[in-house]
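Colleague: Got a predicted model here, sequence first, then my questions.
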2 protein chains.
Amino acid sequence: MCELLGMSANVPTDICFSFTGLVQRGGVTGPHVDGWGITFYEGKGCRSFKDPQPSCQSKIAELVREFPIKSKAVISHIRQANRGHVALENTHPFTRELWGQNWTYAHNGQLSDYDALDTGMFTPVGETDSELAFCWILHQFQHEFPHGFTDVQQLFELVHRCGKRLQELGVFNMLLSNGDYVFAYCSNNLHWITRKAPFGKAQLCDADVTIDFQEETTPNDVVTVIATQPLTVNEQWHKMNSGDAVLFHDGVLLAQR
Amino acid sequence: MCELLGMSANVPTDICFSFTGLVQRGGVTGPHVDGWGITFYEGKGCRSFKDPQPSCQSKIAELVREFPIKSKAVISHIRQANRGHVALENTHPFTRELWGQNWTYAHNGQLSDYDALDTGMFTPVGETDSELAFCWILHQFQHEFPHGFTDVQQLFELVHRCGKRLQELGVFNMLLSNGDYVFAYCSNNLHWITRKAPFGKAQLCDADVTIDFQEETTPNDVVTVIATQPLTVNEQWHKMNSGDAVLFHDGVLLAQR
């Protein structure tokens, strides 16, 4: 299994605090030593940092932890390999263009009998079930909305149907974003929390780090964090149920089912 | 105008020395302050570091300069914006998947009347002439070789024809790679050098840095560097002519015309 981390916010926000907790699970408090990656959106553009090294030892993870890249949408993943060997091409998140938008995706879980999934014009580069499932989802998107989507609720319904179908093949927890919207699908393990005023203090589970969000934010900020397991000990996270999907925009929950 | 830097090598090689020279041109010895990026291939996978900040001030450029990522194929670019505002989505290199391979591209120059270029299923994310030309090239690739190429010489001929066509629209110096092969097309400004045993010393043009390649290499290493302008003062670089294309594999010149 792997660990997922996502963020949706209404103002460019750094994810240093949450990422500090996550990287500990890459070899210190967790066994996810087979690489990690993080994608930050800045407008329509995005940049990814990836490493097939354990995140707790990675020089690049150190940079990301200390260099506050501010973003309204982030997708991150640390990997414990099951399908596909430890290599850069098998390291999440994966990003592909569709409709002139960068779509970024990360998956936690394991699928079986996925070879029959038709990925259309999206061909996997690596060997993972995860990347193949991503290609299949984008092919569904393109098939359903050849000229792009106009109603995000309809796209959300499609994400939910795709998640349900993939869950039939195994475990499928997923984060997906185009930089504007952040989608999550829960097969068995996903939690989220929305932070807004009045902001309080939070204490990481995985490292002796506390943050006072009041000092880091303005009263209008809305920031949602989605993670496999809650990253803090003293806050109430929403546990998603199996088969549930959620959609966030500017940190706000737009839809769930 | 912008500056291009590419590498092809027969063993994973770091590009720290050349990159140190290049980043100086991003605000110190050159005016290219509108962002920079670099893509390293490791097998079929690749990772990019990008920043819309000037490279001479960038924390991420500092990491890349000091952290020796070893790669057999590298594409890098520093930008002086002409078409498209300064933003991450307009920052080279651009990477797209075709035939299950990651294709990475960077362009130096400026095109006019490029709106008529048909990009097929490849839609630009940003606003640059460069990204649109890249999408058009990939569409040509896919149209000519729907199931992938079998003979790289044929693909090289196509790259050359694409370059010629784009050069009719303006200035088109380009680097392109799938991690295995590195292609370059020269419209008016591109140089390359192949280093192999016996290795000597080299002195950067843009910084007071000297390297003794003999200490950094083994006798079998072959490393080709391609750059807009020669990066060293005491070596003989090949100046490409307008309309010329070259193809490198494992650091070795495979084809030119």
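Modeller: Okay, I see it. Owing to the predicted nature of the structure, the values given are computational and were not obtained by experimental measurement.

Colleague: Would you mind identifying the next helix or strand past the one helix or strand A:Ser130 maps to?
Modeller: Per DSSP states H and E, A:Ser130 falls inside helix A:129-144. With elements assigned by DSSP H and E, the helix or strand that comes after helix A:129-144 is helix A:152-167.

Colleague: in that following helix, what counts as buried?
Modeller: A:Val152, A:Leu155, A:Phe156, A:Glu157, A:Leu158, A:Val159, A:His160, A:Cys162, A:Gly163, A:Leu166, A:Gln167 (16 or more other CB atoms under 10 Å in any protein chain shown). No exception for glycine: its C-beta is placed from N, CA and C like everyone else's.

Colleague: looking at it, the fifth one is touching A:Phe141, isn't it?
Modeller: Yes. Assessed by CB atoms under 8 Å, A:Leu158 is found in contact with A:Phe141 at 6.8 Å.

Colleague: now the helices for chain A?
Modeller: Assigned by DSSP state H, the helices in chain A fall at A:16-24, A:59-66, A:129-144, A:152-167, A:213-216.

Colleague: Out of those, flag the one nearest A:Leu254.
Modeller: helix A:152-167 (7.1 Å; CB to CB).

Colleague: ok, back up a step: contacting residues around the helix holding A:Ser130?
Modeller: Under the contact criterion CB atoms under 8 Å, 6 or more residues apart in numbering or on different chains, helix A:129-144 has outside partners A:83-84, A:90, A:92, A:94, A:96, A:98, A:103, A:105-107, A:110-111, A:114, A:117-125, A:149, A:155, A:158-159, A:162, A:166, A:170, A:172, A:176.

Colleague: Of the residues you listed, which are in range of chain B?
Modeller: A:Asn90, A:Arg96, A:Leu98, A:Met121, A:Phe122, A:Thr123, A:Pro124, A:Val125 (CB under 8 Å from any CB of the partner chain).

Colleague: near chain B, which residues of the stretch 101-250 of chain A show up?
Modeller: A:Gln101, A:Asn102, A:Met121, A:Phe122, A:Thr123, A:Pro124, A:Val125, A:Gly126.

Colleague: Angles on the backbone of the fourth one, please.
Modeller: If I follow you right, that is A:Phe122. A:Phe122 adopts backbone torsions of phi -100, psi 110, taken as degrees, to the nearest 10.

Colleague: Kindly tell me how buried it is, as a neighbour count.
Modeller: As a burial measure, A:Phe122 scores 22 neighbours (other CB atoms under 10 Å in any protein chain shown).

Colleague: and it, what is it in contact with?
Modeller: When contacts are counted by CB under 8 Å, 6+ apart, A:Phe122 touches A:Arg96, A:Phe134, A:Cys135, A:Trp136, A:Leu138, A:His139, B:Glu97.

Colleague: Just name the closest of these to A:Met7, please.
Modeller: Nearest to A:Met7, judged by CB to CB, of these is A:Phe134 at 19.3 Å.

Colleague: State the pLDDT value of the residue of the stretch 101-250 of chain A found nearest chain B.
Modeller: With CB to the nearest CB, the shortest gap between the stretch 101-250 of chain A and chain B falls at A:Thr123, namely 3.9 Å. Here, the pLDDT recorded for A:Thr123 equals 97.

Colleague: need the contact list for it.
Modeller: Taking CB under 8 Å, 6+ apart, one finds A:Cys135, B:Glu97, B:Leu98, B:Trp99, B:Gly100 in contact with A:Thr123.

Colleague: And A:Val182, by the same measure?
Modeller: A:Gly6, A:Met7, A:Ser8, A:Ala73, A:Ile75, A:Leu175, A:Leu176, A:Thr224, A:Ile226, A:Leu247, A:Phe248, A:His249.

Colleague: how close does it get to A:Leu175?
Modeller: Going from A:Val182 to A:Leu175 by CB to CB, to the nearest Å gives 7 Å.

Colleague: Find residues that contact each of these two.
Modeller: Common contacts of A:Val182 and A:Leu175 (CB under 8 Å, 6+ apart): A:Gly6, A:Ile75, A:Ile226.

Colleague: Would you confirm that the last one contacts A:Ala184?
Modeller: Yes. Counting by CB under 8 Å, A:Ile226 sits close enough to A:Ala184 to count as a contact (5.1 Å).

Colleague: Touching both of these two, which residues are there?
Modeller: In contact with both A:Ile226 and A:Ala184: A:Gly6, A:Leu175, A:Leu190, A:Trp192, A:Val246, A:Phe248, using CB under 8 Å, 6+ apart.

Colleague: Could you identify the most distant pair in those residues?
Modeller: Top of the distance list for those (CB to CB): A:Leu190 and A:Phe248, 12.6 Å.

Colleague: Give me the common contacts of those two.
Modeller: Both A:Leu190 and A:Phe248 are in contact with A:Ala184, A:Ile226, where contact means CB under 8 Å, 6+ apart.

Colleague: who touches the closest residue to A:Gln101 other than its chain neighbours in this structure?
Modeller: If the residues on either side of it in the chain are set aside, A:Gln101 comes closest to A:Asn178, at 4.5 Å by CB to CB, 6 or more residues apart in numbering or on different chains. Each residue near A:Asn178 by CB under 8 Å, 6+ apart is listed here: A:Gln101, A:Asn102, A:Trp103, A:Thr104.

Colleague: Tell me which two in those are the farthest apart.
Modeller: Most distant of the contacts of A:Asn178, by CB to CB, are A:Gln101 and A:Thr104, 9.9 Å apart.

Colleague: my guess is A:Val246 meets A:Thr224, correct?
Modeller: No. Counting by CB under 8 Å, A:Val246 does not reach A:Thr224; the two are 9.0 Å apart.

Colleague: Spit out the residues that contact those two alike.
Modeller: A:Trp192, A:Leu253.

Colleague: Strands along the stretch 151-257 of chain A, start to end?
Modeller: Remark: strands assigned in the stretch 151-257 of chain A by DSSP state E, counting those that start in this stretch are A:173-177, A:181-186, A:191-196, A:201-203, A:210-212, A:222-227, A:238-239, A:244-249, A:252-256.

Colleague: Can you lay out those strands as a markdown table showing mean pLDDT?
Modeller: Output for those, formatted as a markdown table (pLDDT from 0 to 100):
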| stretch | mean pLDDT |
| --- | --- |
| strand A:173-177 | 98 |
| strand A:181-186 | 98 |
| strand A:191-196 | 96 |
| strand A:201-203 | 90 |
| strand A:210-212 | 88 |
| strand A:222-227 | 96 |
| strand A:238-239 | 98 |
| strand A:244-249 | 98 |
| strand A:252-256 | 98 |
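
Colleague: who wins for proximity to B:Glu42 among those?
Modeller: Closest to B:Glu42 of the strands of the stretch 151-257 of chain A is strand A:173-177 (CB to CB; 24.2 Å).

Colleague: Identify the neighbouring strands of the closest one in the sheet and state each direction.
Modeller: strand A:101-108 (antiparallel), strand A:181-186 (antiparallel) (DSSP bridges).

Colleague: just so I know, which of those lies nearest B:Gln236?
Modeller: Of the strands paired with strand A:173-177, nearest to B:Gln236 by CB to CB is strand A:101-108, at 41.4 Å.

Colleague: in the lengthiest strand in chain A, what counts as buried?
Modeller: With DSSP state E setting the assignment, residue counts place strand A:3-13 as the longest strand in chain A. By 16+ other CB under 10 Å, the buried positions in strand A:3-13 come out as A:Glu3, A:Leu4, A:Leu5, A:Gly6, A:Met7, A:Ser8, A:Ala9, A:Asn10, A:Thr13.

Colleague: what about the last one, distance to chain B?
Modeller: In this structure, A:Thr13 and chain B are separated by 16 Å, where distance is defined by CB to the nearest CB, to the nearest Å.

Colleague: That residue pairs with what?
Modeller: A:Ser71.

Colleague: Now for it: which residues touch it?
Modeller: Taking CB under 8 Å, 6+ apart, one finds A:Met7, A:Lys70, A:Ser71, A:Lys72, A:Asp221, A:Val223 in contact with A:Thr13.

Colleague: Is the fifth one in contact with A:Val11, as I believe?
Modeller: Read that as A:Asp221. Yes. Counting by CB under 8 Å, A:Asp221 does reach A:Val11; the two are 5.5 Å apart.
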